[in-house]
Structure formats: C-alpha cells, structure tokens
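Peer 1: any chance you can model this:
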Amino acid sequence: MSLPRMAFVLNAVLALAGTAAVASLDELHQSFLPNRTGIPSDVLLDCSGAVVILLLYLALRSLGPSRRFDRD
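Peer 2: Predicted structure coming up:
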C-alpha cells in the first residue's frame, strides 16, 4: 500500500476516490471529442470495478494465514 500504517478502510476510500476522480475526468475529456460521448454511467462502471477488486483483496487477505499483503 502506498500510505504505510493506515487502516485498510482509509486506503480503500482513497482508492475509490481516486478511481472516481480519474473516471470523471476521462468522461469529461471524452465529452469534448467529436467521435466520443461522456456518459456518467461509465464512471459508475469504473467505480464498481474498483469495489470488486477491493473485495477480492479482502477475500484473499482473509483466506490465508499469510500477511504478506499487510504493511500495518
């Protein structure tokens, strides 16, 4: 994790906020292109993908006794 000694929840919130910001800026950029459209539902799709990845991480983290992913 990029910010050491921080709780997983805070890191997850930062990851989701970053995903939402980048996805929003990408959709804004696409709205100015003549052959593309900026659709707000694409931001939701990107954020949903981020949530799935975070849930997969939690599942993998809870399965094994190994704490190799943790830096807390």
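Peer 1: Leu28 and Pro40 touch, don't they?
Peer 2: No. Counting by C-beta atoms under 8 Å, Leu28 does not reach Pro40; the two are 10.3 Å apart. Where you see a C-beta, it was placed from the backbone N, CA and C, and this is true even at glycine.
Peer 1: quick one: contacts of stretch 39-46?
Peer 2: Thr19, Ala20, Val22, Ala23, Ser24, Asp26, Glu27 (C-beta atoms under 8 Å, 6 or more residues apart in numbering).
Peer 1: kindly indicate whether the residue of the chain most remote from its centre is helix, strand or coil.
Peer 2: Using C-alpha atoms, centre = their mean, the residue of the chain lying farthest from its centre is Pro34. It sits 28.3 Å away. Three-state call for Pro34 (DSSP: H, G, I helix; E, B strand; the rest coil): coil.
Peer 1: what pLDDT is listed against it?
Peer 2: Note on Pro34: pLDDT of 90.
Peer 1: again with the one 4 residues further on
Peer 2: What the model reports for Gly38 is a pLDDT of 87.
Peer 1: apart from its neighbours in sequence, what residue is nearest it?
Peer 2: Ser31 (3.2 Å; C-beta to C-beta, 6 or more residues apart in numbering).
Peer 1: surely that neighbour touches Ser24?
Peer 2: No. Assessed by C-beta under 8 Å, Ser31 is found out of contact with Ser24, at 10.8 Å.
Peer 1: ok, these two, which is more surrounded?
Peer 2: Neighbour count, other C-beta atoms under 10 Å: between Ser31 and Ser24, Ser24 has more, with 16 against 11.
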